[in-house]
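Chemist: got a structure for you, letters missing:
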């Protein structure tokens, strides 16, 4: 039986809108433990990392020498501790499931997952998250986690942020529809596998997800799956801070997670960007729990 350890990272340091720090509570309230148990998973909830409120902190502490990255000191602190939790969970033979919080927590998830192994990553997201302090239009670190984990730009040789066992050739992004110009250049230069919503429209979610997992899993020990709920269309997942119209449907999302399970290479996972202050009747959080269950084996029959 698969054992999953839930780790909450209730941070909104990387986001442009407050409230996403309540995501772990909303996801738990939405029935995550029950959904995973119904999928035949042995669930352990490790609780939340202690995270001070953003309002109590100075966003410019440890600001980068060039560009802008708000709350970088706080993001680094959370990600260091999350990386240790993820690494420790894997050492115990369980699968870490991190709950955000904003997408900056993916830095910690990736660093922990790649500390003692070579890993790939599949990024289910409307955004590429490849900005750096010098290219970001906002200064929000939730738009930078992939660049940070891969040591791109100002993140080069940054111990707390760099995932040593992760290479761009094993990173696949699925469902892109809002990508900044500098990110487009990086996608082309570094050998990422990237699929836009147009690719999904033309080829279907099954082929795209299977190809993404094949690229991410080639020659590595396992795959990290990062699921940003803004990957879905806002009609399906209204409770996110950076919604982009034209995302995947409810059924497409479940199909993709079922394919993740079928691939049998899942090493670690995170659910991010659920913001209950923007949600309707907690439906985005409940959707996150359902999708996690599909990724861990839940089926209709």
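Modeler: Received it, and whenever you're ready, just let me know what you need. The structure displayed is predicted, hence computed values, not measured ones.

Chemist: which other residues reach the longest helix along the chain?
Modeler: As assigned by DSSP state H, the longest helix anywhere in the chain is helix 72-91. With contact meaning C-beta atoms under 8 Å, 6 or more residues apart in numbering, helix 72-91 is reached by 5, 7, 9, 11, 13-14, 46, 49, 51-52, 54, 57, 61-64, 69, 95-96, 98, 104-105, 107-109, 111-113, 115-117, 141, 160-161, 267-268. All C-beta spots, glycine's among them, are computed from the backbone N, C-alpha and C.

Chemist: same thing with stretch 155-170?
Modeler: 76, 79-80, 83, 107, 110-111, 113-121, 132, 144, 147-151, 190-192, 215-221.

Chemist: with stretch 179-199 instead?
Modeler: 127-128, 130-132, 135, 137, 147, 150, 152, 168-169, 171-177, 208, 211-212, 215-216, 246-248.

Chemist: of the contacts of helix 72-91, buried ones?
Modeler: Neighbour counting with 16 or more other C-beta atoms under 10 Å marks 5, 7, 9, 11, 13-14, 49, 51, 54, 63-64, 69, 95-96, 98, 104-105, 107-109, 111-113, 115, 141, 161, 267-268 as buried within the contacts of helix 72-91.

Chemist: show me these that map onto strands.
Modeler: 5, 7, 9, 95, 96, 98, 267, 268 (DSSP state E).

Chemist: next, give me the two most distant ones among those residues.
Modeler: Within these, 9 and 267 form the most distant pair, 17.6 Å apart (C-beta to C-beta).

Chemist: show me what the residue most central in space within the chain is bridged to.
Modeler: Central residue of the chain (C-alpha atoms, centre = their mean): residue 226, 3.1 Å from the mean position. Beta-bridge pairing for residue 226 (DSSP bridges): residue 123, residue 270.

Chemist: contacts only, for it.
Modeler: 103, 106, 109, 121, 122, 123, 124, 125, 145, 269, 270, 272.

Chemist: residue contacts, the closest residue to residue 165 other than its chain neighbours?
Modeler: For residue 165, ignoring the flanking residues on the chain, the nearest one in space by C-beta to C-beta, 6 or more residues apart in numbering is residue 114 at 3.5 Å. Contacts for residue 114 were tallied using C-beta under 8 Å, 6+ apart; they are 149, 163, 164, 165, 166, 224.

Chemist: cutoff 6 Å now
Modeler: 163, 164, 165, 166 (C-beta atoms under 6 Å, 6 or more residues apart in numbering).

Chemist: now do it, the pLDDT please.
Modeler: On the pLDDT scale, residue 114 is placed at 98.

Chemist: ok, now residue 17?
Modeler: pLDDT, read off for residue 17, is 81.

Chemist: could you do residue 300 as well?
Modeler: On the pLDDT scale, residue 300 gets 80.

Chemist: likewise for residue 1?
Modeler: Reading off the model, residue 1 has pLDDT 86.

Chemist: and it, how far from residue 131?
Modeler: 40 Å (C-beta to C-beta, to the nearest Å).

Chemist: ok, and the closest non-adjacent residue to residue 216?
Modeler: residue 120 (3.3 Å).

Chemist: so which helix or strand takes in the one you found?
Modeler: Secondary structure from DSSP states H and E places residue 120 in strand 119-124.

Chemist: now do stretch 253-262, average pLDDT.
Modeler: On average, stretch 253-262 scores 98.

Chemist: buried ones in it?
Modeler: Buried-residue list, stretch 253-262, by 16+ other C-beta under 10 Å: 253, 254, 255, 256, 257, 258, 259, 260, 261.
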